[in-house]
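Novice: Structural data only, the sequence is not supplied:
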């Protein structure tokens, strides 16, 4: 009783603190790109969408209808579901293994970073996790006795999962395999009430199936074929390593031990224990294998979560076999991992901290810059004629600007990102895929950092093909240019003639983050189609510290830019300068460029950090 009471007190205290912290963070954290698109889907209500079933969009709409236009309102239904999840895990575990195990399983759900941070973002994984727990609990109850309540719980979980994500098909498959593995499970599958529940679950897929039938299986093809290479790649090892970090190492090891034990024909463990362990083992090990063949470009670390949730039902039983020191280390490392994850989201929500990691691989670009961009867009629109159309170059910019401006109908140009993330069919259905021709003045917003640097010049040239000649751009550099946008004011009707693209430039020397003396050399290149570059000024913390001179040819650049450059000086595009930084204090400073084109346009390029000794 003392152990049970302590576990209960710990869970309630930690759950309350973590929930309060998550709400505070969610109120300040900028919308992730996917969240913004789900918000946009919620403003165009439908039974299903090109990328997902309908539930995630419906929940974002519900939140904003009840609580207004705010990031916290978008996330509120997901925070509520996430707060409920540990209680559901604890209730189910307590039913089979005792109240003490139940409270510990609930606490593990809170402190494991992958499950504990659920709800901070308005993502389909939250309702899918809830559906997984409902189905797992219902399956365990059915193994004991098939009754109406258990069948109803199974039907509810299947419906919720079907409305959450395509990936829930995997959860269903794993559940059927676990039942077929167990003799009692095969008996359950012979009961008509179970098949009625399964039929209800199948019906919940009807909107998504109807959407795919109507639109040539576009969603299914993206989820099952287009986004995956389906060939072996070594990133699977990295995927497993990331899982060990996201679940925290000792807890991850404990779950792997349970997976291995579940695959043995050990009848002493109990039917429900084997069932939960098999659910987790088949799902988790299956995703580990999939990691060697599936999508390795987009975020996928959250995929094994349903398997982990099943394993958490029984993990406290294994921890009882470990020494007190091992148990303390497991709990301590899990809690530390959770605090680090929450700390990451706090850092991402603070503009000052985001700016400090600009230019590094840790920069959270999908969270950053949207509010600052919206301020610039509002200012420009205020000075433009009434009726000026706002046009974005890709779905990310369209959705994020749409949320910032409370406008879910910003048209978007065709862009590789729209297809890469499966959003192009949905944009076409909404009539928001813009072909380029226009009959009104247009403010075009281009995300320069949304394109690979080597393809940037070719992307500018493709923009010229679509919208006509580009005027000089207003450059919006956010966090030293880690996020970079170009704003073009286009007249009504297409402007013909040679298209002068924005500058593409790079500082080759010194390297980002390099340590330099008070006097140091700067070298690099700059190109601008049609008119070339007439002047390159070197900036340090935004101040001009040198004017560069020409430094010869760069034949390598032709291949890097895919032979796209139409700069009349090619390949004589190198520049060099000597910087005297004697008047600045030692430490990190930001080195940048201001480039003047042959047409008189001036463009400030992105900055990179240097450490001045």
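Specialist: Yep, that arrived. The shown structure was predicted, so the numbers you read here are calculated from the model rather than taken from an experiment. Residues are numbered from 1 along each chain as shown.
Novice: check contacts around the residue nearest to residue 525 when sequence neighbours are not counted.
Specialist: Using C-beta to C-beta, 6 or more residues apart in numbering and skipping the chain neighbours, the partner closest in space to residue 525 is residue 573 (4.7 Å). Just so you know, the C-beta spots here come from the backbone N, C-alpha and C atoms, and that holds for glycine as well. With contacts defined as C-beta atoms under 8 Å, 6 or more residues apart in numbering, the neighbours of residue 573 are 525, 526, 527, 533, 553, 554, 557, 565, 567.
Novice: got it, and residue 39?
Specialist: Counting by C-beta under 8 Å, 6+ apart, residue 39 has contacts 31, 57, 60, 64, 74, 122, 399, 402, 403, 408.
Novice: mind running it again at 10 Å?
Specialist: 31, 56-57, 60-61, 63-64, 69, 71, 73-74, 122, 399-400, 402-403, 408 (C-beta atoms under 10 Å, 6 or more residues apart in numbering).
Novice: try residue 489
Specialist: 380, 383-385, 388, 441-444, 471-474.
Novice: now do residue 42
Specialist: Here residue 42 is in contact with 49, 54, 56-65, 74, 122, 408 (criterion: C-beta under 10 Å, 6+ apart).
Novice: Just the ones in helices from those, please.
Specialist: 56, 57, 58, 59, 60, 61, 62, 63, 64, 65, 74 (DSSP state H).
Novice: Which two among those are spaced furthest apart?
Specialist: Farthest apart among the ones in helices among the contacts of residue 42 by C-beta to C-beta are 56 and 65. That separation is 15.1 Å.
Novice: neighbour-wise, which of the two wins?
Specialist: residue 56 (30 against 11; other C-beta atoms under 10 Å).
Novice: The more buried one: what's its closest spatial neighbour, skipping adjacent residues?
Specialist: residue 124 (4.4 Å).
Novice: how many neighbours does that neighbour have?
Specialist: Residue 124: 25 neighbours (other C-beta under 10 Å).
Novice: From residue 97, how far off is it?
Specialist: 30 Å (C-beta to C-beta, to the nearest Å).
Novice: circling back to that earlier point, pLDDT score for the residue nearest to residue 56?
Specialist: On pLDDT, residue 124 comes in at 96.
Novice: any idea how far residue 160 is from it?
Specialist: Taking C-beta to C-beta, one finds residue 124 at 11 Å from residue 160.
Novice: where do the contact lists of the two overlap?
Specialist: 55, 168.
Novice: In the stretch 201-350 of the chain, what residue spans correspond to helices?
Specialist: Ranges of helices within the stretch 201-350 of the chain are 206-214, 218-221, 235-247, 249-262, 271-290, 305-312, 315-319, 324-349, based on DSSP state H, counting those that start in this stretch.
Novice: Repeat that for the stretch 401-550 of the chain.
Specialist: Using DSSP H, counting those that start in this stretch, helices in the stretch 401-550 of the chain cover 416-420, 424-429, 456-467.
Novice: For the second one, give me every contacting residue.
Specialist: With C-beta under 10 Å, 6+ apart as the contact definition, helix 424-429 has outside contacts at 37, 40-41, 44, 46, 49-52, 211, 214-216, 218-219, 221-222, 394-395, 398-399, 411-419, 432-434.
Novice: Filter the residues you listed down to the buried ones.
Specialist: 37, 40-41, 46, 49-52, 211, 215, 218-219, 222, 394-395, 398-399, 411-415, 417-418, 432-434 (16 or more other C-beta atoms under 10 Å).
Novice: How is this protein partitioned into domains?
Specialist: Residue ranges for the domains of the chain, per automatic domain parsing: 2-30+70-345, 370-490, 504-612.
Novice: Now do the buried residues in the longest strand anywhere in the chain.
Specialist: For the chain, the strand with the greatest residue count under DSSP state E is strand 587-597. Neighbour counts over strand 587-597 (16+ other C-beta under 10 Å) mark 589, 590, 591, 592, 593, 594, 595, 596, 597 as buried.
Novice: ok, how many other residues are close to the residue nearest to residue 395 when sequence neighbours are not counted?
Specialist: Once flanking residues are discounted, residue 395 sits nearest to residue 423: 4.4 Å by C-beta to C-beta, 6+ apart. Using other C-beta under 10 Å, residue 423 has 27 neighbouring residues.
Novice: Please name the residues that touch residue 423.
Specialist: 34, 37, 40-41, 49-51, 222, 394-396, 398-399, 412, 415, 417, 433.
Novice: Now with 7 Å, please.
Specialist: With contacts defined as C-beta atoms under 7 Å, 6 or more residues apart in numbering, residue 423 is in contact with 37, 50, 51, 395.
Novice: Same question for residue 560.
Specialist: Contacts of residue 560 by C-beta under 7 Å, 6+ apart are residue 454.
Novice: do you know how far it is from residue 453?
Specialist: Counting by C-beta to C-beta, the gap from residue 560 to residue 453 is 9 Å.
Novice: Check residue 518 too.
Specialist: Distance from residue 518 to residue 453, by C-beta to C-beta: 30 Å.
Novice: try residue 270
Specialist: Distance from residue 270 to residue 453, by C-beta to C-beta: 57 Å.
Novice: Backbone dihedrals for the residue lying closest to residue 591 once chain neighbours are set aside, please?
Specialist: Spatially, and ignoring its direct neighbours in sequence, residue 591 is nearest to residue 610 (5.0 Å; C-beta to C-beta, 6+ apart). Residue 610 adopts backbone torsions of phi -130, psi 150, taken as degrees, to the nearest 10.
Novice: got any ranges where this structure has weak pLDDT?
Specialist: Applying pLDDT under 70 to the chain flags the ranges 1, 265-269, 298-299.
Novice: Between the buried residues of strand 587-597, which sits nearest residue 13?
Specialist: residue 590 (43.9 Å).
Novice: so what's that closest one closest to, chain neighbours aside?
Specialist: Here the residue nearest residue 590, using C-beta to C-beta, 6+ apart, is residue 607, at 4.1 Å.
Novice: So what's the residue count around that neighbour?
Specialist: 24.
Novice: so how far is residue 369 from it?
Specialist: Taking C-beta to C-beta, one finds residue 607 at 14 Å from residue 369.
Novice: follow-up on the earlier one: return the members of the contacts of residue 39 classed as buried.
Specialist: 31, 56-57, 60-61, 63-64, 71, 73-74, 122, 399-400, 402-403, 408.
Novice: For the closest residue to residue 193 other than its chain neighbours, pull up the helix or strand it's in.
Specialist: Excluding its sequence neighbours, the residue lying closest to residue 193 (C-beta to C-beta, 6+ apart) is residue 151, at 4.5 Å. Using DSSP states H and E, residue 151 falls within helix 148-162.
Novice: any residues touching whatever helix or strand comes next after that helix, and which ones?
Specialist: Helices and strands here follow DSSP H and E; after helix 148-162, the next one along the chain is helix 168-181. Residues from elsewhere that reach helix 168-181 (C-beta under 7 Å, 6+ apart): 128, 131-132, 135, 139, 161-162, 185-186, 188-189, 275, 278-279, 282-283, 306.
Novice: Any buried residues in helix 168-181, and which?
Specialist: So, applying 16+ other C-beta under 10 Å, buried residues of helix 168-181: 168, 170, 171, 172, 174, 175, 178, 179, 181.
Novice: now the angle from that helix to helix 271-290?
Specialist: 130 degrees (axes from the mean of the first three to the mean of the last three C-alpha atoms, to 10 degrees).
Novice: from here on, count from 51
Specialist: Let's use 51 as the start, then, which means that last one is helix 218-231.
Novice: now helix 218-231: how far from the chain's centre is it?
Specialist: 27 Å (C-alpha atoms, centre = their mean, to the nearest Å).
Novice: Which helix or strand lies directly C-terminal to that helix?
Specialist: Later in the chain than helix 218-231, the nearest helix or strand by DSSP H and E is helix 233-238.
Novice: same for that following helix, what does it pack against?
Specialist: With contacts defined as 3 or more C-beta pairs under 7 Å, 6 or more residues apart in numbering; DSSP states H and E, helix 233-238 has these neighbours: helix 175-194, helix 218-231.
Novice: want to try JSON lines for those, with distance to residue 244 as columns?
Specialist: Output for those, formatted as JSON lines (distance: least, C-beta to C-beta, whole Å):
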{"stretch": "helix 175-194", "distance to residue 244": "6"}
{"stretch": "helix 218-231", "distance to residue 244": "9"}
